[in-house]
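A.B. asks: need the 3D shape of this:
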Amino acid sequence: MNSVTFKAVAVALLLGCGATAMAANDGQVRVNGLLSSDPQYRETWQGVVKKEERVPDWVLNLTGESEQQMSAVEEDGDKYLVGPLCESQQVCLNHRLIVAFSWNKKHAYGMLVDVPEGLPSDKSPTRHATYRWLGKPDSGMQGLLMEELKKDPKWY
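C.D. replies: Okay, the predicted model is just below:
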């Protein structure tokens, strides 16, 4: 094999490996991977939940399930990274969290939403939900978190 052919094969292999790696990591940020992606996110979130009582582990560590990527949203001139997290996909309608991190990673807010399990399908989850605010969001941030929740087609 001459050196030109060898180099062509090597380049093709490297490009193929790179494409496989990119497919495995689709570049989308999800809530359940946020704390491990940057220590500043972890530090900020720990500051939000450290004084809270009776917070589930999946909320404390943002380790629930998140199939949806986070999105950039603007509130009162500031940018936030916002997204949902569920305790598990099986009980997502019943136990979910919507989080927002400021673009500079210094502030974080959350809305923990609980709906009684076993609620009949003809009953509106919005009428039976309880909401718990984390990080002391102002009314504008509360509205932003509520709007994110309303994006779910199962939420009515």
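
A.B. asks: can you classify residue 99 by secondary structure?
C.D. replies: Of the three states, residue 99 takes strand under DSSP: H, G, I helix; E, B strand; the rest coil.

A.B. asks: and the one 5 residues further on, by the same measure?
C.D. replies: For residue 104, the secondary-structure state derived from three-state DSSP is coil.

A.B. asks: neighbours around residue 107, how many?
C.D. replies: 18 (other CB atoms under 10 Å). Every C-beta, even on glycine, is put in place using the N, C-alpha and C of the backbone.

A.B. asks: check the gap between residue 39 and residue 46 for me.
C.D. replies: 10 Å (CB to CB, to the nearest Å).

A.B. asks: looking at these two, which is more packed in?
C.D. replies: Neighbour totals were compared for residue 39 and residue 46, and residue 46 leads with 13 against 10 (other CB under 10 Å).

A.B. asks: report pLDDT for the more buried one.
C.D. replies: Turning to residue 46, the model gives it a pLDDT of 97.

A.B. asks: and it, helix, strand or coil?
C.D. replies: Residue 46 is classified as helix under three-state DSSP.

A.B. asks: strands along this structure, start to end?
C.D. replies: Remark: strands assigned in the chain by DSSP state E are 71-75, 78-86, 95-102, 108-114, 130-134.

A.B. asks: could you give the bridge partners of the closest residue in space to residue 134 that isn't next to it in sequence?
C.D. replies: Counting by CB to CB, 6 or more residues apart in numbering, residue 134 lies nearest to residue 110, which is 3.6 Å off, once chain neighbours are set aside. Residue 110 has these beta-bridge partners by DSSP bridges: residue 99, residue 134.

A.B. asks: got the contact list for residue 110?
C.D. replies: The contact partners of residue 110, by CB atoms under 8 Å, 6 or more residues apart in numbering, come to 48, 59, 97, 98, 99, 100, 133, 134, 135, 145.

A.B. asks: kind regards, and thank you for your time.
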